[in-house]
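> Next input, structure requested:
(chains A and B)
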Amino acid sequence: MKWSQALIPTLKESPAEAEIASHKLLLRAGLIRKLAGGLYTFMPLGLRVLRKVERIIREEMDRAGALEVLMPALQPPEIWQQSGRYETAQDVFYKVRDRAKKEWILGPTHEEVITTLVAGELSSYRQLPKSFYQVQTKFRDEIRPRFGLMRAKEFIMKDAYSFDSSDEASQVSYQKMYDAYTRIFQRCGLQAFPVEADTGVMGGKFSHEFMVPAETGENEVVYCEACNYAANIEKATSRHMMHSDLGETEQAIEKFATPGAGKIEALAKEPFNVPAHRQIKTLVYMVEDKPVLILMRGDHKLNESKLTGTLGTATFRAATGEEIVESLKTRPGSLGAVGVKDIPIYADETLRETKQMTTGANEDGFHIRNVSVSRDIEVKQWADLRLAQVGEECSKCGQPLKIRRAIEVGHVFKLGTKYSIAMNALFLDEAGNRQPAVMGCYGIGVTRTMQAIIEQLNDKDGIIWPLSVAPYQVCITPLNVASGAPTLSVAEKFYSELNAAGVESILDDRDERPGVKFKDSELVGFPIRINVGEKSLANGEVEIKVRGGEMILVKVEEAVEKVREIVREKLANLAG
RNA sequence: CGGAGCGUAGCUCAGCCUGGUAGAGCACUUGCUUUGGGAGCAAGACGUCGCAGGUUCGAAUCCUGUCGCUCCGACCA
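Sure, this is the predicted structure:
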């Protein structure tokens, strides 16, 4: 490609709408343009990158034995009713109506479609295992699209689904995908690592997310450097952290006056001096419009993802002030669960053995002390409800946990038989028994991955593309492009030789000052640039500049081979 | 959906408080000069000031509504 014939609309300044580095660079490098919030056009160079990421994904999916299909983006709501997700997924749907006023759904994902397909096509254990994948546009009515391609209303996803005849076989399929993902991100030049993840209302058995560490990421990952434990904070656990002074002896409960002390911190200070870890935090939540109490230790926070799992529904919210008064007959500040019988009580495991605890008395200005939780409170269910915090002990090895932010670029889910049962994806096993297929599902946010690469690989000058996904591998920059100039003819020779050798090159034949060309090529992020200038050409030399790396002088006749060598080396590193 | 901020040239923004008929830089066009790190000079083109009402002799400016964008929160497979 000749630059003069391409459309690479670079910008010196960042549009005001962009907040994070990768979003700014996508716009500044002319890779995407916004149509509306969460909706973007891929410009020619941006599309080249996208296609390269897709190609890597396809190669690894094929290698893992998955079969590519292409399913409709438009889906009938009936299949969502059949799976039972029509209500729960309601909020993410874009719905359209045809001329007969029938409702259709723009697909946010394809479990229902693929399982319907498989129900009709696979009927024997002999046909299993089978995995399918597609690369396709998904539609989700995101409450708040942001950060360019990171969270968009319409985005490209690679989704894959595995069908197996047994749990053990499903585990094998899962592992294949897990391994494929590891290779995909490595080939994209991304540092991505797997973490244990919450299955949410997907109803799966377990799941891993592939995370790219980034301060701007929307996820928090809890990890341990000592034993490699890593989990999404929604799922992360830590050791119970039993303080030595959580009460040795049981004593009779005792109400005492705490005027004006309505918060954990207030009670922890003079004149009460009850440390936060000796208090019980009483939270009121409305679950499907009925109140429940959640008990946490005073120094702990509730993890609402874990609460979802415990309650078996995501339809809950913190109660309003009025609802609290209605439920407990007292205002927030002195809430407690002692003596409460008509409201279900869920308590964090950490509280189970604690004694001599202090909690609200359900009477303004009064608390109760010497509470032995198991003795004094009618707990309906004990559960791990705690949000893991920095410095707590790793539940595997006991070392202190750390937390960092990350971008989720992929997830793998072991689904079980939820969808195969709902959609009747049954097969006959060896004994002639009808069984539901055991499923897994596996997603990669393709457009998000593209942006994550930029977020991870950039500097003050622009993007630093890994060779595997760069829009062009080499940018050839003649400093003088006057017709007949030696710099131009040498550059053109490199251009044709490199392209003939399969090295994707772009020739910056614009009649621009050198500074402009250098800045543009670094902004767009081509991995290798060849500077053809009159000064070095007088010595029979040209410059090879590696983006983000060194500049070397080579003889004109050796330049093409040297570039090919660098390309080979860089690709080999990415292949691992 | 709650809170906050912003909508003026393709982009970044000033002007608004204190009403008087539209500005700068970058980008674009033409010419001359320049030519190894986002050039200089000169000339030029580009705006229903998001939209709709209202107040006023007069509205980019004040008021109301509305739409859009951004951020925080909630929400989110």
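
> so how far is residue A:263 from residue A:365?
13 Å (Cβ to Cβ, to the nearest Å). C-beta here means a position set from N, CA and C on the backbone, and glycine is covered the same way.

> actually residue A:282, not the one I wrote
When distance is defined by Cβ to Cβ, residue A:282 is 12 Å away from residue A:263.

> higher neighbour count, the two?
residue A:282 (24 against 14; other Cβ atoms under 10 Å).

> In what element of secondary structure is that one found?
strand A:280-287 (DSSP states H and E).

> which of the residues in the helix or strand that that strand is followed by are buried?
For strand A:280-287, the following helix or strand on the C-terminal side (DSSP H and E) is strand A:290-297. Within strand A:290-297, the residues that count as buried by 16 or more other Cβ atoms under 10 Å are A:291-297.

> got the residue ranges for the helices in the stretch 401-550 of chain A?
In the stretch 401-550 of chain A, the helices defined using DSSP state H, counting those that start in this stretch lie at A:418-422, A:446-456, A:486-500, A:514-524, A:534-538.

> Would you mind checking the average pLDDT for the fourth one?
Meaning helix A:514-524. The average pLDDT within helix A:514-524 is 96.

> what's the most buried one of the helices of the stretch 401-550 of chain A?
Among the helices of the stretch 401-550 of chain A, helix A:446-456 has the highest mean neighbour count (mean count of other Cβ atoms under 10 Å), at a mean of 26.

> Which elements pack onto it?
helix A:21-28, helix A:44-63, strand A:154-164, strand A:206-213, strand A:402-416 (3 or more Cβ pairs under 8 Å, 6 or more residues apart in numbering; DSSP states H and E).

> before we move on, back to that, hey, C-alpha coordinates of the strand holding residue A:282 in PDB?
In PDB, the C-alpha atoms belonging to strand A:280-287 read as follows (Å, rounded to 0.1, in the frame of the first residue of the first chain):
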ATOM      1  CA  ILE A 280     -21.700  -7.300  63.300                       C
ATOM      2  CA  LYS A 281     -22.800  -5.300  60.300                       C
ATOM      3  CA  THR A 282     -26.500  -5.900  59.500                       C
ATOM      4  CA  LEU A 283     -27.500  -5.200  55.900                       C
ATOM      5  CA  VAL A 284     -31.100  -5.300  54.700                       C
ATOM      6  CA  TYR A 285     -31.700  -6.400  51.100                       C
ATOM      7  CA  MET A 286     -34.900  -6.700  49.200                       C
ATOM      8  CA  VAL A 287     -35.000 -10.000  47.400                       C
END
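
> Run the angle between that strand and strand A:290-297 for me.
Angle of strand A:280-287 versus strand A:290-297, following axes from the mean of the first three to the mean of the last three Cα atoms, to 10 degrees, is 150 degrees.

> Just give me how far strand A:280-287 sits from the chain centre.
29 Å (Cα atoms, centre = their mean, to the nearest Å).

> and that strand, does that touch RNA strand B?
No: judged by Cβ under 7 Å from any atom of the strand, strand A:280-287 stays clear of RNA strand B, getting no closer than 9.9 Å.

> Next: stretch A:79-94.
Yes: residues of stretch A:79-94 contacting RNA strand B under Cβ under 7 Å from any atom of the strand: A:85, A:88-89, A:91-92.

> pLDDT weak spots in chain A?
In the predicted model, chain A carries pLDDT under 70 at residues A:200-205, A:240-247, A:576.

> Could you list the domains of it?
A:15-196+A:209-215+A:416-455, A:254-383, A:472-575 (automatic domain parsing).

> Can you add distance to residue A:407 and give those back as a markdown table?
Formatted as a markdown table, the domains of chain A follow (distance: least, Cβ to Cβ, whole Å):
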| stretch | distance to residue A:407 |
| --- | --- |
| domain A:15-196+A:209-215+A:416-455 | 5 |
| domain A:254-383 | 18 |
| domain A:472-575 | 19 |
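
> which one among the buried residues of strand A:290-297 gets closest to RNA strand B?
Closest approach to RNA strand B among the buried residues of strand A:290-297 (Cβ to the nearest atom of the strand): residue A:294, at 13.2 Å.

> Hmm, residue A:32 is touching residue A:46, no?
Yes: if you go by Cβ atoms under 8 Å, residue A:32 and residue A:46 touch, sitting 5.0 Å apart.

> which parts of the stretch 451-576 of chain A sit against RNA strand B?
A:461, A:479-480, A:513-516, A:518-520, A:522-523, A:531, A:533-537, A:543, A:545.

> Would you pull up the residue in the stretch 401-550 of chain A closest to RNA strand B?
residue A:533 (1.8 Å).

> That's all I had, so thanks and see you.
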